[in-house]
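Asks: Structure, please.
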Amino acid sequence: MMRRTNVADLLVPLLLTAGLVYALLRIGYESLPPFQWFIAVPPAALAVAELVVARRVRAAVRHQPQARPMTALAIARAVALGKASALVAAVLAGAAAALVVKLLPSAGEPNTAGSDLRVGYLLLAVSAVLLVAGLVLERAGIDPGHRPG
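Replies: This is a model prediction of the structure:
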């Protein structure tokens, strides 16, 4: 049986990724090309899609009159997608946080680092939205009348 995602499930990968990415950025940031804002588009699109699917799953699980029926397997797949997306969002947030922390000292300079810092902030925001969407999707598949045993 699958258990709900908790804070520790997400905090550990976030912190490990942040530490590793920060160390890698300290070593080789100057050799990287500038980050572009559109790298945040795929996780943002995934978050929107998951919120739409979560609404449909929740309606099916709660047997709402207007809901289209869903198979148990489709609901389970949606829940698994939500769990996986929350984990990916935690890793993305850790990487974005490392980028922001690395570039924060050079925030006032009009150079590539300033542009990359804005991309880091954007990625942090998008990863937060994806994290919420993943958790909402995961919890949408839980029957409100079911008591864990």
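Asks: Now residue 36: closest residue in space, sequence neighbours ignored.
Replies: residue 119 (7.0 Å; C-beta to C-beta, 6 or more residues apart in numbering). From N, CA and C alone the C-beta is placed, and that goes for glycine too.
Asks: ok, now residue 85?
Replies: Residue 85 sits nearest to residue 134 (C-beta to C-beta, 6+ apart), 3.4 Å away.
Asks: follow-up on the earlier one: what residues are up against the residue nearest to residue 36?
Replies: Contact analysis of residue 119 by C-beta atoms under 8 Å, 6 or more residues apart in numbering lists 35-37, 39-40, 99.
Asks: looking at those residues, which has the most residues close by?
Replies: Within the contacts of residue 119, most neighbours by other C-beta atoms under 10 Å means residue 99, with 24 neighbours.
Asks: Which pLDDT does the model give it?
Replies: Here, the pLDDT recorded for residue 99 equals 96.
Asks: next structured bit after the strand or helix carrying it?
Replies: For residue 99, the host element (DSSP states H and E) is helix 72-103. Per DSSP H and E, the first helix or strand lying C-terminal to helix 72-103 is helix 112-140.
Asks: Please spell out which residues along that next one are buried.
Replies: For helix 112-140, the neighbour count (16 or more other C-beta atoms under 10 Å) marks 112-113, 116-117, 119-120, 122-124, 126-127, 129-138, 140 as buried.
Asks: what's the answer for stretch 22-30, then?
Replies: 22, 25.
Asks: Any chance you could list what contacts that stretch?
Replies: Contacts of stretch 22-30 (C-beta under 8 Å, 6+ apart): 98-99, 101-102.
Asks: where does this protein have low pLDDT?
Replies: 1, 108-110, 145-149 (pLDDT under 70).
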